[in-house]
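Chemist: Quick one, structure for this:
(one chain, ligands or ions: 1)
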Amino acid sequence: MTSSYEKPRTFKTEGVVLRQSSSGEADRMLTVYTRDFGMLRLVARGMRRPNSRLAGHLEPLVHASLQLARGRGPDVVTGADTLHGHTALRSNLEGIARGLVCAELIDAFAPEEQANPELFHLLLHALDMLNEGDGDLLLWHFAFHVLVLTGYMPELQQCVMCGRQVEPDEHLFTPGLGGVVCSRCARDGDPGGPNERAGAPLLPLSVNALKVLRFFRDHPYDDVRRIRIDGALSRELERVEGGYIRYLLEREVRSAEFLSRLSRLLPSGG
Ligand SMILES: [Zn+2]
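Modeler: Residues are numbered from 1 along each chain as shown. Next up, the predicted model:
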């Protein structure tokens, strides 16, 4: 664990810009997920001026090396160089929307100033794959592993109510308890049961969707990208994973909403 007072006066790291906002006339506030310090809120002075040396290197979804100085408030970016601009990804709306889903999930789940190298590499790998043109399957696998690496791995083997191994075809998913519920518990408890106690709906979970989620859990994306997922299964994964994430965040993931609106407008949202 790293906290701000342990950082030296000036330091270097690398990171991915998750979002930026204006600050004063010429500055930008940046949220950056870094390799060595986890999430940092930084200020880039003068970045909105036309001759800024920082500007091109600190756009959202750019992977950059960073020179930083400890500030009285947020740390200050004193230098930045692009390591990977993800330019293909950032050149179309669908790519941007998918990239921003990744950024928003990291922003929502990663704690401030705590390095998590595995999570950092998961993010880099996801942006690289999106940059090469991969689509929603990458997003679902990425989202699953963000949950795993931040302590919210869904329980997919045992009923979260009674602990019994779930049998094929007799399970539901409850976002409130973060896992599968067997048919007996679902029946016994409804209404006023796990559903209500958990304060969240029970979602149907097909055998195929459960298999895919277990495959996500047990395999790297390079294995996952070979499987084929039809539209119905894709919507089910969106409902189950999205439902769990929304429950954890107690709000919608804004860019995911944007992405689903966008995919309805496009001929094929691969
Ligand atoms: Zn049970």
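Chemist: residues near the residue lying closest to residue 133 once chain neighbours are set aside, how many?
Modeler: Of all residues not flanking residue 133 in the chain, residue 88 sits nearest, at 7.4 Å (Cβ to Cβ, 6 or more residues apart in numbering). Glycine gets a C-beta too; all of them are placed from N, C-alpha and C. Number of residues near residue 88 (other Cβ atoms under 10 Å) recorded here: 12.
Chemist: Would you agree residue 88 falls within a helix?
Modeler: Yes: counting by DSSP: H, G, I helix; E, B strand; the rest coil, residue 88 is part of a helix.
Chemist: thought it was touching residue 128?
Modeler: No: using Cβ atoms under 8 Å, residue 88 is not in contact with residue 128, being 10.3 Å away.
Chemist: check contacts around the residue nearest to the spatial centre of the chain.
Modeler: Centre of the chain computed as the mean C-alpha position; nearest residue by Cα atoms, centre = their mean is residue 105, 2.9 Å away. Neighbour list for residue 105: 142-143, 146, 245, 253 [criterion: Cβ atoms under 8 Å, 6 or more residues apart in numbering].
Chemist: Write out the residues of the protein neighbouring the ion.
Modeler: 159, 161-162, 182, 185 (Cβ under 5 Å from the ion).
Chemist: can you do 6 Å?
Modeler: Residues of the chain found near the ion (Cβ under 6 Å from the ion) are 159, 161-162, 164, 181-182, 184-185.
Chemist: Quick check on those: which are buried?
Modeler: 159, 161, 181-182, 185 (16 or more other Cβ atoms under 10 Å).
Chemist: Show me those residues that map onto strands.
Modeler: Residues from those lying in strands, with DSSP state E as the criterion: 181-182.
Chemist: And for the top strand by length along the chain, what's in contact with it?
Modeler: Of all the segments of type strand in the chain, defined by DSSP E, the longest one is strand 10-23. With contacts defined as Cβ under 8 Å, 6+ apart, strand 10-23 is touched by 28-37, 39-40, 43-44, 48, 58-70, 78, 83, 103-104, 106-107, 120, 123-124, 127.
Chemist: right, and residue 239 touches residue 203 too?
Modeler: Yes: between residue 239 and residue 203 there is a contact at 6.1 Å, judged by Cβ under 8 Å.
Chemist: which SS class is the nearest residue to residue 204 once chain neighbours are set aside?
Modeler: Among residues not flanking residue 204 along the chain, residue 172 sits closest, at 6.0 Å (Cβ to Cβ, 6+ apart). Applying three-state DSSP to residue 172 yields a three-state assignment of strand.
Chemist: contacting residues around residue 172?
Modeler: Neighbouring residues of residue 172 by Cβ under 8 Å, 6+ apart: 180-181, 183, 186, 202-205.
Chemist: Also residue 160?
Modeler: Residue 160 neighbours (Cβ under 8 Å, 6+ apart): 174, 177-181, 194.
Chemist: And residue 99, by the same measure?
Modeler: Residue 99 touches 60-61, 86, 89-90, 127, 130, counting by Cβ under 8 Å, 6+ apart.
Chemist: So which residues of the stretch 151-270 of the chain form helices?
Modeler: 183-188, 194-198, 207-218, 221-224, 231-249, 254-265 (DSSP state H, counting those that start in this stretch).
Chemist: What about residue 114, how many residues nearby?
Modeler: Applying other Cβ under 10 Å, we find 13 other residues in the vicinity of residue 114.
Chemist: Nearest to the ion, out of the contacts of residue 172: which one, please.
Modeler: Comparing the contacts of residue 172 against the ion with Cβ to the ion picks out residue 181 as the nearest, at 6.0 Å.
Chemist: Lowest mean pLDDT among the helices and strands of this protein, which one is it?
Modeler: Across the helices and strands of the chain, mean confidence by mean pLDDT, DSSP states H and E is lowest for helix 194-198: a mean of 49.
Chemist: Roughly how far does residue 131 sit from residue 140?
Modeler: 18 Å (Cβ to Cβ, to the nearest Å).
Chemist: was I right about residue 33 contacting residue 110?
Modeler: Yes: contact criterion Cβ under 8 Å: residue 33 and residue 110 qualify, at 6.3 Å.
Chemist: Overlap in contacts, these two.
Modeler: Both residue 33 and residue 110 are in contact with 39, 119, where contact means Cβ under 8 Å, 6+ apart.
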